[in-house]
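> model this:
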Amino acid sequence: MPVQSDRLRILDVGCGRNKHPGAIGVDRNPAGAADVLCDLDHFPYPFRDGSFDEVRAVHVIEHVADVIRTMEEFHRLLKPGGSVYLVTPHYTDFSSFCDPTHRWHLNSFSFRCFGEDHGGFDYYSPVKLREISVRVKLLAFWRWLGFELLVNRVPRFRRFWEHYLCFVVRGKVIEFVFERA
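Down below sits the predicted model:
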C-alpha cells in the first residue's frame, strides 16, 4: 500500500541562494541552491503535469522572456486547487528599473487576463487562475500615512491609486496568490 505524505510539494522557481525551506528549487544559475538546473525560458520544465501543490516565484516573473507562457507552465505544474505565489517589484519602484535583467514592469492588475475579471483580455491564454489575494507594499512614508492599508483593503481605491496616484504614492512590491482553477 502506497504511503501518503501530508507534506506539500513546493516548487521554488528561480530560487537563487534563498530556496524556500522544504521546496524543490529550480534555477538556471549553478551558483545558487537549486536542486534542478534548467533555463526558465524553455518549456516544459523537467517535471510532470500536476506535480506540485504550490509554485513560488519570488522576484522571477519580471526576468522571464514570456510572462504568459511562464504562467501557463506554472498552471501545468500545479495539482488542481494548487497555488501560485508571485512577488515582483511594482513598476513605480526604483528597483523595477535599476536591474538591467528586468524585462517587465508590472502592476497589481497585470495578471487579470487569467481570471474572471479579465478586462477583455481572456483570449491571451486558455489558462484560468483564481485570484486569492493581491497585496501591494508601498514605500515606508506612504505606509505610515495609511495609504497601504487603503490600497490593500479597498479594491476600488487600489484601482484609483493605480490609475491616478501611483507615480506620487509609489509602490514597492506586489505579492500575488492565485489558485489553479
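
> how close does the residue nearest to residue 66 when sequence neighbours are not counted sit to residue 85?
With CB to CB, 6 or more residues apart in numbering as the measure, residue 41 is the residue that lies nearest to residue 66, at 7.1 Å, once sequence neighbours are left out. No exception for glycine: its C-beta is placed from N, CA and C like everyone else's. Here the criterion is CB to CB, to the nearest Å. By it, residue 41 lies 20 Å from residue 85.

> What is the three-state secondary structure of the residue nearest to residue 66?
coil (DSSP: H, G, I helix; E, B strand; the rest coil).

> That one: what's it in contact with?
The neighbours of residue 41, taking CB atoms under 8 Å, 6 or more residues apart in numbering as the test, are 64-66.

> How about residue 22?
The contact partners of residue 22, by CB under 8 Å, 6+ apart, come to 7-8, 10.

> Filter these down to the buried ones.
Among the contacts of residue 22, those classed as buried by 16 or more other CB atoms under 10 Å are residue 10.

> can you give me the helices for the chain?
Taking DSSP state H as the criterion, the chain carries its helices at 67-77, 94-98, 140-144, 147-153, 155-160.

> what comes up buried for the first one?
In this case it means helix 67-77. Of all the residues in helix 67-77, those buried under the rule 16+ other CB under 10 Å are 67, 70-77.

> Please name every helix or strand in contact with that helix.
Applying 3 or more CB pairs under 8 Å, 6 or more residues apart in numbering; DSSP states H and E, one finds that helix 67-77 contacts strand 52-58, strand 78-89.

> Pick the most buried one from those.
Most buried of the helices and strands packed on helix 67-77, by mean neighbour count (mean count of other CB atoms under 10 Å): strand 52-58, with a mean of 22.

> now the chain, which segments are flagged as low pLDDT?
Applying pLDDT under 70 to the chain picks out residues 1-6.

> gap between the residue nearest the centre of it and residue 34?
In the chain, the C-alpha closest to the average C-alpha coordinate belongs to residue 86, at a distance of 2.0 Å (CA atoms, centre = their mean). Taking CB to CB as the criterion, residue 86 is separated from residue 34 by 18 Å.
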